[in-house]
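Trainee: Provide a 3D model corresponding to the input given below.
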Amino acid sequence: MDSHAAPLRTRDSIPAKAGVGLRFRHHREVLEARPAAAWLEVHTENYLGGGSAPACLDAIRRDYPVSLHGTGLSLGSAEGLDPAHLARVRELVERAEPGLVSEHLSFSVAAGNYLADLLPLPLTEEALGIVCRNVAQVQDHLKRRILVENPSTYLQFRHSTIPEWEFLAQVAKRTGCRILCDVNNIYVSACNHGWRASAYLAALPPEAVGEIHLAGHSLRRLDGARTLLIDDHGSRVAPEVWALYAEALALFGRVPTLIEWDTDVPPMAVLLDEAAHAAALIEEARNGNCHALAA
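Mentor: Modelled structure (predicted):
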């Protein structure tokens with residue numbers, strides 16, 4: 001592909017349509033066949049180093065709107081952000097000019113050690129101050145607003161004092177960031193903790209929601225009759241999550257929606273089929289009839 005064939009898309013180009021998460025197994029197909037995806041999301045940390053990945057992203061970027069979704073900034077770390085990692089993220093943002101940049105409400109660095117997971121935070125005023133400080137630093141460094149995603153969680157801290165939905169809303173209010181509303185995460189956490197998923201959605205400020213994620217989950221049986229939902233991104237979106245997505249569209253309107261799939265990644269055609277279902281719901285939301293289609 002001619003690297004000078006077309007200009008890079010601008011940072012504001014993510015449409016209010018259904019996109020898909022781009023994984024390495026899809027690179028060749030996307031470059032050669034150019035499937036009809038409305039937009040693509042890539043994981044930031046997969047493109048920070050050398051090798052072929054950044055150049056491949058450059059080529060893909062000329063044909064598709066792209067967003068960057070990070071997992072390594074550790075917005076909840078009390079010790080602050082890693083300046084070297086933040087600098088690498090900034091270099092990628094400046095190179096790719098993504099339409100959206102997002103991260104997770106979690107931490108993955110403690111006492112200088114990197115933990116290969118997105119760990120939950122104690123939802124306290126102290127933690128809220130830390131997250132807001134870190135989000136503000138990221139936005140200042142990148143010179144742009146980011147989105148912060150609600151986590152999927154499997155435990156809660158006894159000393160938490162702020163409901164998760166209120167915590168997220170306060171981060172958006174205090175920093176000016178936007179919310180990446182992961183509907184599957186809300187459903188998973190609600191089932192695991194006994195929350196009402198619909199009430200969680202309704203508590204989020206609609207004007208702050210700038211993107212929605214959808215993914216599959218699995219059921220794990222524990223001792224006795226107890227079960228746990230796992231946000232494994234390894235299957236199609238569940239019917240219950242589609243129904244919750246319809247509620248989200250009714251509350252937040254038409255916003256960019258992303259199909260995630262990270263475990264046992266299927267062919268691109270499967271992701272596009274899921275995106276088509278989301279696109280139909282987005283269109284129905286315009287007509288006020290998305291609940292019927294979700295069912």
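Trainee: Would you mind writing the CA trace of stretch 84-99 as PDB?
Mentor: What follows is stretch 84-99, C-alpha atoms only, in PDB (Å, rounded to 0.1, in the frame of the first residue of the first chain):
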ATOM      1  CA  ALA A  84       8.200   6.800  30.400                       C
ATOM      2  CA  HIS A  85       5.100   4.900  29.600                       C
ATOM      3  CA  LEU A  86       3.000   8.100  29.300                       C
ATOM      4  CA  ALA A  87       5.600   9.500  26.900                       C
ATOM      5  CA  ARG A  88       5.400   6.400  24.700                       C
ATOM      6  CA  VAL A  89       1.600   6.700  24.700                       C
ATOM      7  CA  ARG A  90       1.900  10.300  23.700                       C
ATOM      8  CA  GLU A  91       4.200   9.400  20.800                       C
ATOM      9  CA  LEU A  92       1.700   6.900  19.500                       C
ATOM     10  CA  VAL A  93      -1.200   9.300  19.900                       C
ATOM     11  CA  GLU A  94       0.700  11.900  17.900                       C
ATOM     12  CA  ARG A  95       1.600   9.400  15.200                       C
ATOM     13  CA  ALA A  96      -1.800   7.700  14.800                       C
ATOM     14  CA  GLU A  97      -4.100  10.700  15.600                       C
ATOM     15  CA  PRO A  98      -6.900   8.400  16.900                       C
ATOM     16  CA  GLY A  99     -10.400   9.500  17.000                       C
END
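Trainee: Give me the pLDDT for Arg9.
Mentor: Confidence at Arg9, expressed as pLDDT, is 42.
Trainee: now Leu115
Mentor: Confidence at Leu115, expressed as pLDDT, is 76.
Trainee: got the buried residues for the helix or strand hosting it?
Mentor: Using DSSP states H and E, Leu115 sits within strand 113-119. Residues Leu118, Leu119 are the ones in strand 113-119 that count as buried (16 or more other C-beta atoms under 10 Å). C-beta coordinates here come from the backbone N, C-alpha and C atoms, glycine included.
Trainee: Mind jotting down where the helices sit in the stretch 1-150 of the chain?
Mentor: Remark: helices assigned in the stretch 1-150 of the chain by DSSP state H, counting those that start in this stretch are 27-33, 52-61, 83-96, 125-142.
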